[in-house]
Structure formats: C-alpha cells, structure tokens
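**Student:** Got a sequence here, can you model it:
(one chain, ligands or ions: 2)
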Amino acid sequence: MKVLVIGAGNMGLTYAKAMSRSKQLKKRNVMILDSSPEKILSLKKNSQFDVFENLEDCLPQADLVFIAVKPYHSNDLFTKMRPLLNKGQIAISIMAGVTIKTIQNALGIEKVVRAMPNLPAQVGKGLTSFIPSGEVSRIELLTVQNLLDTTGKSIRVSSENYIDASTGISGSGPAYVFYFMQSMMEAALKMGFSANDSKVLVSQTFEGAVELFNQSDLSPLSWMDKVASKGGTTRAALDSMENNNVDELIKEAAYAAFDRAVELGKQ
Ligand SMILES: NC(=O)C1=CN([C@@H]2O[C@H](COP(=O)(O)OP(=O)(O)OC[C@H]3O[C@@H](n4cnc5c(N)ncnc54)[C@H](O)[C@@H]3O)[C@@H](O)[C@H]2O)C=CC1
Ligand SMILES: O=C(O)[C@@H]1CCC=N1
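**Tutor:** Ligands and ions are numbered 1, 2, ... in the order given. Take a look at the predicted model:
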C-alpha cells in the first residue's frame with residue numbers, strides 16, 4: 001500500500017513521519033508532495049521519504065491520498081488532482097471545514113474520509129476525529145484509522161457536524177491551552193520570576209493537573225474543589241474568573257471556531 005501526503009506543513013509532515021514509522025507502512029511507501037520549492041529542497045536533503053514536485057509522478061501510484069493543505073488552497077489543488085485520480089483511491093482530508101460532498105464533487109471520486117487532527121500529533125499525543133463517506137469499506141476504514149492512530153488517539157463521529165464541532169474543541173483547542181499558559185507566564189514574570197522559572201512553574205502545573213485528571217474519574221469541578229480551601233487563595237482566583245465570566249467567554253471562543261469551520265465549508 002502506498003500513501004501520498006499532499007502538503008508538507010505542520011500536519012502533513014507530522015503524519016508522513018508517523019505513518020512511515022508504522023508497521024503498516026515502510027518508509028518507501030510514504031510519498032510526499034509540496035508546492036513550495038524551499039520545502040522540497042529541505043525535504044530532499046533529509047531524504048526521509050520519496051519527495052515529489054509534480055502530481056503526475058506520484059498521485060496515480062497512491063492508494064491513499066492524504067490532503068493537508070490550507071482550505072483556501074483546496075480548489076486549485078482539486079482541479080490539478082482530478083484528471084489523475086481513479087475511483088479506487090481514497091482521499092483523507094484534514095482541512096478545516098471542507099466537506100465530504102465538496103471533495104467528492106471536486107475530485108470525482110467517492111471514497112473520502114474527513115478527519116480533524118490536532119497539533120499534539122507531533123509528539124504522538126494527537127486526537128483525530130474522523131468520518132468516512134458511505135463508499136469506504138470497513139476494511140479500508142480500519143486501515144485509515146490505523147494510520148490516523150500513528151499520531152495518537154482517534155474517534156469516529158456519526159455526522160460531519162461533529163467534525164466541525166471537534167474543530168472548535170480539539171482541533172483549535174491546543175491554542176486555547178497555550179493562551180492560558182501565556183497569560184499565566186506573563187503573570188509570573190510580572191510577579192518577578194525569571195523567564196525560565198515562569199516557564200517551569202506554568203508547564204509543570206499544566207502537566208501535573210492533566211496527569212491528575214487522567215489518572216482519576218473525577219471531573220474538573222471536583223478537582224477544583226480539592227485545590228480550593230474555603231476563604232483561601234484559589235477561591236479568590238476562581239471567584240475573579242467567575243465575576244469576569246471567563247467560563248462563558250471560553251465557551252464562546254470554542255463556538256467561534258466551530259462556526260468558522262462551518263463557514264469555511266460553505267466557501
Ligand atoms: N495546524 C493545526 O494545528 C491543524 C491544521 N489542520 C488543517 O491542516 C491543514 C494544513 O495545516 P498546516 O499543516 O498547519 O498548514 P501549513 O501551512 O503548515 O502546511 C501547508 C503546506 O501545504 C503546501 N501547499 C499549499 N498548496 C499546495 C498545493 N497545491 N500542492 C502541494 N502543497 C501545497 C504549503 O507549501 C505548505 O507546506 C489545514 O487545512 C488545516 O485546516 C487541522 C488540524 C490542526
Ligand atoms: O486554525 C485552523 O483553521 C486549523 C484547524 C484546526 C487548527 N488549525
């Protein structure tokens with residue numbers, strides 16, 4: 001089986017590396033293509049995969065085509081791909097918003113899997129939601145899921161709406177966590193800690209809290225109660241967040257990403 005990854009950016013390269021390390025595929029079964037000459041040059045230097053500049057040289061050989069370009073580059077790409085595809089090939093798209101129907105119509109193929117990964121895939125801790133079109137067989141889907149799982153965990157969702165929704169939670173979510181980390185690091189700096197100490201204080205706090213959560217059945221609310229003493233420091237911080245409606249603002253932000261994914265799908 002041969003896989004072609006189109007778009008060697010943050011996500012495409014991550015998947016190419018992870019898949020090439022998997023038992024299912026060998027290095028030489030992962031092909032990668034990018035339109036940027038600089039990217040091609042640096043990929044060829046490392047020669048980790050078979051690197052391509054022209055679709056004609058790689059697309060016809062691929063069983064699975066992993067599309068990892070930005071949504072606004074998709075139309076151009078689809079037009080170039082269409083004449084080179086055959087009905088047996090499976091397209092896996094990780095592009096935010098772009099729907100299965102759009103991909104099927106633009107590419108003239110029926111077997112499409114739409115997926116939404118996230119950046120922690122780079123360290124094997126990704127979360128990918130996915131949904132296949134009806135034409136993808138169970139065996140084919142198993143193969144696809146095994147490949148997606150090379151970057152972490154995956155969940156199959158029951159409708160495309162959940163792909164857009166998961167974009168607002170897990171796809172864009174790492175940036176919300178980094179937003180929180182950035183604010184806490186800025187507060188630590190303001191309190192007089194060095195940049196390095198601020199980083200350690202914040203990163204170890206996040207790592208420890210997530211580990212506690214993962215190793216128990218307790219909800220975040222219950223854990224908050226364990227940290228907060230009556231009349232203590234944590235309650236002062238949580239009250240401040242509550243008074244400023246931070247909870248609602250975070251939900252609003254997640255919905256803004258969800259809505260944007262739906263909007264991208266209509267363009
Ligand atoms: N960055 C993230 O955290 C996540 C991104 N995504 C989705 O993944 C996709 C890729 O995002 P990134 O990897 O962050 O983008 P990126 O900008 O890092 O990579 C995109 C790559 O595609 C290449 N490219 C553009 N047009 C091309 C074409 N016609 N043929 C071949 N290569 C082409 C660019 O040169 C670039 O190397 C997007 O559609 C995004 O919605 C999904 C989940 C998370
Ligand atoms: O910001 C974006 O559009 C992409 C999709 C999810 C994460 N990054």
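**Student:** Number of residues surrounding the residue in the stretch 1-150 of the chain positioned nearest to ligand 2?
**Tutor:** The stretch 1-150 of the chain approaches ligand 2 most closely through residue 96 (3.8 Å), counting by Cβ to the nearest ligand atom. Using the backbone N, CA and C atoms, a C-beta is placed for each residue, glycine as well. Neighbourhood size, residue 96 [other Cβ atoms under 10 Å]: 18.
**Student:** Just to be sure, it is in a helix?
**Tutor:** No. The assignment for residue 96, made by DSSP: H, G, I helix; E, B strand; the rest coil, is coil rather than a helix.
**Student:** Distance check, it against residue 267.
**Tutor:** Distance of residue 96 to residue 267, computed by Cβ to Cβ, to the nearest Å: 11 Å.
**Student:** what touches both of those two?
**Tutor:** residue 71 (Cβ atoms under 8 Å, 6 or more residues apart in numbering).
**Student:** Now for the protein, the helix or strand with the poorest mean pLDDT.
**Tutor:** helix 37-46 (a mean of 91; mean pLDDT, DSSP states H and E).
**Student:** what about the helix or strand following that one and ligand 1, touching?
**Tutor:** Beyond helix 37-46 on the C-terminal side, the first helix or strand identified by DSSP states H and E is strand 50-52. No. Residues of strand 50-52 contacting ligand 1 under Cβ under 6 Å from any ligand atom: none, with a closest distance of 9.3 Å.
**Student:** Parallel or antiparallel, list what pairs with strand 50-52.
**Tutor:** If you go by DSSP bridges, strand 50-52 pairs up with strand 30-33 (parallel).
**Student:** Identify the residues contacting the partner strand?
**Tutor:** 2-8, 12-13, 16, 19-20, 43, 49-55, 58, 61-62.
**Student:** Could you pull out the buried residues of the least confident helix or strand of the chain?
**Tutor:** Buried positions in helix 37-46, judged by neighbour count with 16 or more other Cβ atoms under 10 Å: 39, 40, 43.
**Student:** and ligand 1, which of those reach it?
**Tutor:** Of these, the ones that also sit near ligand 1 (Cβ under 6 Å from any ligand atom) are residue 39.
**Student:** before we move on, back to that, what's the PyMOL syntax to select whichever of the contacts of strand 30-33 are buried?
**Tutor:** To isolate the buried ones among the contacts of strand 30-33 in PyMOL, judged by 16+ other Cβ under 10 Å, type:
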select buried, resi 3+4+5+6+7+8+12+13+16+19+20+43+49+50+51+52+55+58+62
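**Student:** just the contacts of strand 30-33 that are near ligand 2?
**Tutor:** Counting by Cβ under 6 Å from any ligand atom, no member of the contacts of strand 30-33 is near ligand 2.
**Student:** Okay, and which of the contacts of strand 30-33 map to helices?
**Tutor:** If you go by DSSP state H, the contacts of strand 30-33 have 12, 13, 16, 19, 20, 43 in helices.
**Student:** what's the model's confidence in stretch 82-97, averaged?
**Tutor:** Averaging pLDDT along stretch 82-97 gives 97.
**Student:** Same check on stretch 61-68?
**Tutor:** pLDDT averaged over stretch 61-68 gives 97.
**Student:** any idea how far the closest residue to ligand 2 within the stretch 151-267 of the chain is from residue 151?
**Tutor:** Among all residues of the stretch 151-267 of the chain, residue 171 sits closest to ligand 2, at 3.5 Å; criterion: Cβ to the nearest ligand atom. Using Cβ to Cβ, residue 171 is found at 13 Å from residue 151.
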